[in-house]
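Novice: Sequence below, structure please.
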Amino acid sequence: MNRDFMQTQISANADHLVQPVENWFEYPVRVQVHHTDCSGVVWHGTYITWLEEARVECLRSIGVNYADWVATGYELPVVELTIRYHRPLKMGASVVVRTRMLGMKGVRIHWDYQIQSLDGQELYVTAQVTLVVIESQSGKIVRRLPVAILEALTRLSN
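Specialist: Numbers count the residues shown, from 1 in each chain. Okay, here's the model as predicted:
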């Protein structure tokens, strides 16, 4: 496991919560036929699905069921996505999707990702995602994070 990443600064500002870089959640994936294009290489959009799955499972690992947030009237849509494809990934490979919440600034929630070989020697994809919290009925961004969501996300930084 490579831990040579720059240390993120911790801010005491209540609007900005950042976690140390070591807090990666790992989500294993085996590349199936339906993940690939006709040449047996993972189709570029498949990676985005894996990012979402890893984030939802990371939340589940701290006791948060994303469907429960939706049931209470909140959603967390992606408002920004940056993805870099470092090398192709082929059918049959096993990889790990690593994710961590980088921090929150206001109602923006920033996540970081790496998709790499199980032994950590090959890096296939890096990505960053920004989410916001919206009210499901109105579709409007909330001004402040709901307490339950803020408390849950704070647990990721501990």
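
Novice: Which elements pack onto the helix or strand encompassing T130?
Specialist: With secondary structure defined by DSSP states H and E, T130 is part of strand 123-132. With contacts defined as 3 or more C-beta pairs under 8 Å, 6 or more residues apart in numbering; DSSP states H and E, the packing partners of strand 123-132 are helix 44-61, strand 78-85, strand 108-117. The way it works is simple: take the backbone N, C-alpha and C, and place the C-beta from them, glycine included.

Novice: And whichever helix or strand comes after the longest one, what does it pack against?
Specialist: Spelled out, it's helix 44-61. Read in the C-terminal direction, the helix or strand following helix 44-61 is helix 66-71, with elements assigned using DSSP H and E. If you count contacts as 3+ C-beta pairs under 8 Å, 6+ apart, helix 66-71 packs onto helix 44-61.

Novice: Can you tell me the closest non-neighbouring residue to T130?
Specialist: Of all residues not flanking T130 in the chain, E80 sits nearest, at 4.0 Å (C-beta to C-beta, 6 or more residues apart in numbering).

Novice: okay, the angle between the strand holding T130 and strand 108-117?
Specialist: For strand 123-132 against strand 108-117, the angle between stretch directions is 160 degrees (axes from the mean of the first three to the mean of the last three C-alpha atoms, to 10 degrees).

Novice: Would you mind listing the buried residues in the longest strand along the chain?
Specialist: With residue count as the measure and DSSP state E as the assignment, the chain has strand 94-105 as its longest strand. In terms of neighbour count (16 or more other C-beta atoms under 10 Å), strand 94-105 has its buried residues at V95, V96, V97, R98, T99, R100, M101, L102, G103, M104.

Novice: again, but for stretch 58-70
Specialist: Within stretch 58-70, the residues scored as buried using 16+ other C-beta under 10 Å are C58, L59, V64, Y66, W69.

Novice: Show me the beta-bridge partners of the closest residue to W24 other than its chain neighbours.
Specialist: Setting aside the residues directly before and after it, W24 is nearest to R98 in space (C-beta to C-beta, 6+ apart), at 4.5 Å. As for beta bridges, R98 partners with E26, Q114 under DSSP bridges.

Novice: contacting residues for R98?
Specialist: If you count contacts by C-beta atoms under 8 Å, 6 or more residues apart in numbering, R98 has them with W24, F25, E26, Y27, A54, Y113, Q114, I115, Q116.
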